[in-house]
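Peer 1: requesting a structural model of the entry that follows:
(chains A and B)
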Amino acid sequence: MSDAFARFARNPAALLAALLLAALALAAALAPRLWPIDPEAVDGPPLLHPFTDPAHPLGTDRLGRDLLARLLFGARISLVVALAAAFASLLIGSAVGLAAGLAGGRIDDLLMRITDAFQTVPGFLLALAFVSVLGPEAESVVLAIAASSWTGPARIVRAEILSLARRDFVLAAVAVGLPRVEIAWRVLLPNALPPVLAYACASIASAVLIESALSFLGLADPNRASWGAMIAEGRAVLVREPWLSIWPGLALLVTVLAVNLVGEGLDDALAPRRARP
Amino acid sequence: MRLERRALLRAGSLLGLATITGGRARAQTPRRGGVLVVAADTEPRNLNPAMVASNGVFYVASKVIEPLAEMAYGEPGLTPRLALAFEGSKDGRSVTLRLRPNVRFHDGKPFSSADVAWSALELWKKHQNLGRVVFKDLEAVDTPDPLTAILRFATPTPLQLVRNALPALTAVVPRHLYEGTDPLANPHNQKLVGTGPFRFVEYRPGQYYRLERNPDYWDAPRPWLDGIVFRVLPDRGAIAAALESGEIRLAAFSAVPLADMQRLAKVPGIAVIDKGYEGITYQLTVEINHRRKELADLRVRRAIAHAIDPNFVVERIFLGYAKPSTGPVPRFDTRFYTAEVPTYTYDPKRAEALLDEAGLRRGADGVRFTVELLPAPWFEQTRQMGDYLRQALKAVGIEAKLVVKDPAGHQKAVYTDHAFDLAIGSPVYRNDPAISTTILYQGGLPPGVPFSNQYGWADSAMDDLIARAARELDPTARSELYRRFQRLAAEHLPLIPVVEFTFLTVASTSVRGVADNPRWATSHWADTWLEA
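Peer 2: This next block holds a predicted model:
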C-alpha cells in the first residue's frame, strides 16, 4: 500500500488534482464560515459584473444573489450527491458482483441478466425516470444516479472474482478449510477491489455530471443552489452576461477533470503492471 | 349598436406603426406579397378556437377561423368581423346579431347564421373553456334568415358581457364539417377550415404550421401577405438567434427572454413592440390555500402582502415590463378598474407585527411556520417569483419550501388535489371580469376546474356580488358592482395580485401593421404586410 502511495505521489497531475479536490471539498464544507452570505438572499444589485464589487467578487445573478456564495453552496450539493451516489453504486455493484462471481450457475445468470437489463437503458434516461417519479430531493437524486451506475462495479467485481478464484492462494485458502464467507470477505474482496476503486473515482466524475444535468433540466431541489441550475438560469442572458453560466461551468470542468485525474492516478498506483492503452 | 367599420382600425394601425417605426415616415400604402415567417413555441393538440379559447391556439388559429368581432383601440373598442352589428333586448334575454353577407368558408360553402348557431350551442357552450361560463344560460339560437342570428338566454345576461366576450369566445366553424361528428375527435380541429384571411395548408409536428392567403377573403384586397409560416422553435435562445439572422421576422408573446430584449432593441432592423397585448393582460398572483389554518387568518394574508415588494418584482423579474397590481382588474380596462381599494405597501415590519398579532411568533430558529410554495412552471417569471417570494417570506419569519412540478402536475396539485400552501399563478384578464376573473373568487366550484377558486375560500357577500353583477343589465351599474368586487377582493385578500404584465413582440422593422389592436398577436393579421 505504501508503494501505491509513493507511485501516486510521483504523478504530478494526479497529486495536483487531489490537492485541488481537497481544497474544493474544504471550501464547500466551510462555505458558511468562509463566505457568510446566504446564497438565496437577494442582497445586491442584479447582474453585477464580476471583480467590480469586493462584496460580490464573482458578481450577482438576475435577482441580485451573490454568485460566489451560490457557487460554494452548489459545490456542497454536487460533491455530497456525487460521493454518496458513487459510494452507493460501489456498494450495490460490489455486492451483486461478489454474489454472482461466488455463486456461479443460475444465480450468476440471473444477476447478470438483471445487470444487462439495467445496462441496456442509457444511464441518464434511467436517472431522469427515477427523479421524475421520486421527486427532486437530494436522496432521490443519489438513488437515481446509483441505480444508473451500479452495473460497472458489478461486472468488474464479478470478473475479478472469477479470475481470482483459480489462483493458488485462493485454492490454498479453500484447502485449509476456511468457510466460504470468510474466503469471500478476507481473501477475494480485498484483491478484487483495486480496479473497482479506480473505476469508482471515474464514476464520481460521471455522478457530478449527471447531477448537474438533472438540475440543468430543472429536476433538482429548487430550494438549493446547484451548478446545473445556475447554468440553466444563466442561459437566458447568455449573450449579454455570459459569466452567469461561465462560473458554474468552470467549476464543473475543474471538478470533473480533477476527479478523473485522481482516478487515473489511483489506477496507475494500484495496478502498476497493467499497460495503459 | 352600430360599429364604425374601418375608421377606428385605421387610427389603431397608425398608432401601431408609429411605435414600430419610431418616427420614420409612415404614410406608406401596404404592399401585397411575401410570406411572413414567425416563431411559435407551443403546438396545441386541439387547434380549434371555438373549443379551446387559449392564446396558444389563437396565435395560429385566429388567422384561419374568425370571431364575430375583434377588439380595437379607443371607442367603441370593437371592430366587426363576422358580425356587422348586434343589439340586445331590454329584458336581457336575447341578443340579435346581423351577420356579414357574401362570406365563404375556405371550402367554398357560404357562411350563414346556421354556422353561428351551431358553433354557439354545440361548441362555445358545451366545450369551450371560457364559453362554458359566459354562455351557460344560452338556450337557443334562432336563425330567421341566413344573415340574422338571435342568441336566446334562459336568464337575463348583460349585453356588455356578451359584447366583451365577442373577440375571444366566438370563433365560428363550418357546421357542415362538424355536424353529426364527435367534435372532440373531428379532424378539422387540426386541419382548420374557417372564413379568415388565411387558409390552413399544412402542419408538420415539431417543425411548422403553414397558412396561405385566402384569395376569396371578404375584406379584399386584404390580406396583404401571401402566407404565414409558424416555425416551431421551443428554445428561447434559438428564437433570438433566428431573429437576428433573419430566419424569422417576428416572435410574439415575449418568446425572447426579457433580458435579451434590451440588447435586441438596439440591433438595427429589429424593433421591440410593447403594444398589442392589452386585451390579454396577465397578472402574477400569490395563490393561497385557505385550508391551511395559518393562511385562513386574514392578518397572515395581509402580512404576506406587506412582505412583498411589487417594485422589486417589476424591476428585477420583469425588467420594468410590468406594473404593480391593486386588484383583480388591470389598469388598462378603465371601464371596470378602480384604484380606490385597500392597498398593502411593502412594509416587512408591519408584516411581522401582523404575524405576531396572529399569534404566530418566531420560534428559537427564527421561523414562525413553514409552507410549501408551488410556482407555476410555465413562465420564467412565475419561477423567478417563487425564488423571490421564498426570500421575502423568510425575511418575516415564514419558511417556504419550493416545490416545482411540470405544467400538468402543477395544475393537478393546485386545482384538483389542493396539495399546496402557497402557489404563484398567472391568470389572464380577458376584457370583462365575468369571463375569467370572478371565477378566481367565486365559492363552491368543484375541484378540477383549472384557474378557478380552488383555494378553499368562500364568502357569501362575494358570491352574492358576483351573482348580481352577472345578472346586471345596465352597464354603469354593472361596472359599479365590479368596482365593489375589487374592493371586497382587496379587503379579504383570498389571493394576492402582485403585478400585471403583458407581452412583447420582437419583429423585423420590415413587418408592418403590427400591434394595431389590443389583442393583435391573437387576431387576424389581415392588415399585416411586408416592406419590399
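
Peer 1: which helix or which strand is home to the closest residue to B:Lys191 other than its chain neighbours?
Peer 2: Closest residue to B:Lys191 apart from its sequence neighbours, by Cβ to Cβ, 6 or more residues apart in numbering or on different chains: B:Phe200 at 6.1 Å. No exception for glycine: its C-beta is placed from N, CA and C like everyone else's. Element membership of B:Phe200, judged by DSSP states H and E, is strand B:198-204.

Peer 1: next, count neighbours for residue 60.
Peer 2: Because you didn't say which chain, this covers chain A. 25 (other Cβ atoms under 10 Å in any protein chain shown).

Peer 1: chain B was what I was after
Peer 2: Around B:Val60 there are 25 residues (other Cβ under 10 Å).

Peer 1: any figure for the gap between it and chain A?
Peer 2: Noted for B:Val60: a distance of 25 Å to chain A, by Cβ to the nearest Cβ, to the nearest Å.

Peer 1: right, and that residue touches B:Phe230 too?
Peer 2: Yes - judged on Cβ atoms under 8 Å, B:Val60 makes contact with B:Phe230 at a distance of 5.5 Å.

Peer 1: find residues that contact each of these two.
Peer 2: B:40, B:209, B:211 (Cβ atoms under 8 Å, 6 or more residues apart in numbering or on different chains).

Peer 1: tell me the one of those nearest chain A?
Peer 2: Among the shared contacts of B:Val60 and B:Phe230, B:Ala40 lies closest to chain A (Cβ to the nearest Cβ), at 19.3 Å.

Peer 1: who's the closest one bridged to?
Peer 2: Assessed by DSSP bridges, B:Ala40 has beta-bridge partners B:Val232.

Peer 1: OK, contacts around it?
Peer 2: B:59-60, B:208-209, B:230-233.

Peer 1: so for chain A, the centremost residue is which one?
Peer 2: A:Ile204 (1.7 Å; Cα atoms, centre = their mean).

Peer 1: residues in contact with that one?
Peer 2: A:82-83, A:86, A:259, A:263.

Peer 1: and if we set it to 7 Å?
Peer 2: A:82-83, A:86, A:259 (Cβ atoms under 7 Å, 6 or more residues apart in numbering or on different chains).

Peer 1: what helix or strand is the residue nearest to A:Leu16 when sequence neighbours are not counted located in?
Peer 2: Using Cβ to Cβ, 6+ apart and skipping residues adjacent in sequence, the residue nearest A:Leu16 is A:Leu261, 7.7 Å away. Using DSSP H and E, A:Leu261 sits within helix A:243-270.

Peer 1: quick one: list the elements packing against that helix.
Peer 2: helix A:2-9, helix A:12-29, helix A:67-103, helix A:189-216, helix A:227-235 (3 or more Cβ pairs under 7 Å, 6 or more residues apart in numbering or on different chains; DSSP states H and E).

Peer 1: counting neighbours, which bits of it end up buried?
Peer 2: A:243-245, A:247-249, A:251-252, A:255-256, A:258-270 (16 or more other Cβ atoms under 10 Å in any protein chain shown).

Peer 1: again with stretch B:266-282
Peer 2: Quick answer for stretch B:266-282 (16+ other Cβ under 10 Å): B:270-273, B:275-282.

Peer 1: low pLDDT regions in the stretch 151-277 of chain A?
Peer 2: Applying pLDDT under 70 to the stretch 151-277 of chain A flags residues A:271-277.

Peer 1: what parts of it come near chain B?
Peer 2: A:218, A:222-223, A:235-240 (Cβ under 7 Å from any Cβ of the partner chain).

Peer 1: filter these down to the buried ones and express that as a PyMOL selection.
Peer 2: Here is the PyMOL selection string for the buried members of these, based on 16+ other Cβ under 10 Å:
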select buried, chain A and resi 218+222+223+235+236+237+238+239
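
Peer 1: between the contacts of A:Ile204, which sits nearest chain B?
Peer 2: Distance to chain B across those (Cβ to the nearest Cβ) is lowest for A:Ala82, with 22.0 Å.

Peer 1: wait, doesn't that closest one sit right on A:Ala207?
Peer 2: Yes - contact criterion Cβ atoms under 7 Å: A:Ala82 and A:Ala207 qualify, at 3.9 Å.

Peer 1: who has more neighbours, those two?
Peer 2: A:Ala207 (31 against 26).

Peer 1: mind checking how far the residue lying closest to A:Arg7 once chain neighbours are set aside is from chain B?
Peer 2: Among residues not flanking A:Arg7 along the chain, A:Ala269 sits closest, at 4.2 Å (Cβ to Cβ, 6+ apart). A:Ala269 is 43 Å from chain B, where distance means Cβ to the nearest Cβ.

Peer 1: for B:Gly359, see how far away A:Ala269 is.
Peer 2: 63 Å (Cβ to Cβ, to the nearest Å).

Peer 1: and the closest residue in space to B:Asp421 that isn't next to it in sequence, what does it touch?
Peer 2: Spatial nearest neighbour of B:Asp421, chain neighbours left out: B:Val371 (3.7 Å); criterion: Cβ to Cβ, 6+ apart. B:Val371 makes contacts with B:398, B:400, B:421-422, as judged by Cβ under 7 Å, 6+ apart.

Peer 1: could you export these as CSV, including neighbour count and pLDDT?
Peer 2: Listed next are the contacts of B:Val371 as CSV, based on neighbours: other Cβ atoms under 10 Å in any protein chain shown; pLDDT from 0 to 100:
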residue, neighbour count, pLDDT
B:Ile398, 27, 97
B:Ala400, 19, 96
B:Asp421, 22, 97
B:Leu422, 24, 98
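
Peer 1: quick one: which of those residues is nearest to chain A?
Peer 2: Looking across those and measuring by Cβ to the nearest Cβ, the closest to chain A is B:Ala400, at 8.7 Å.
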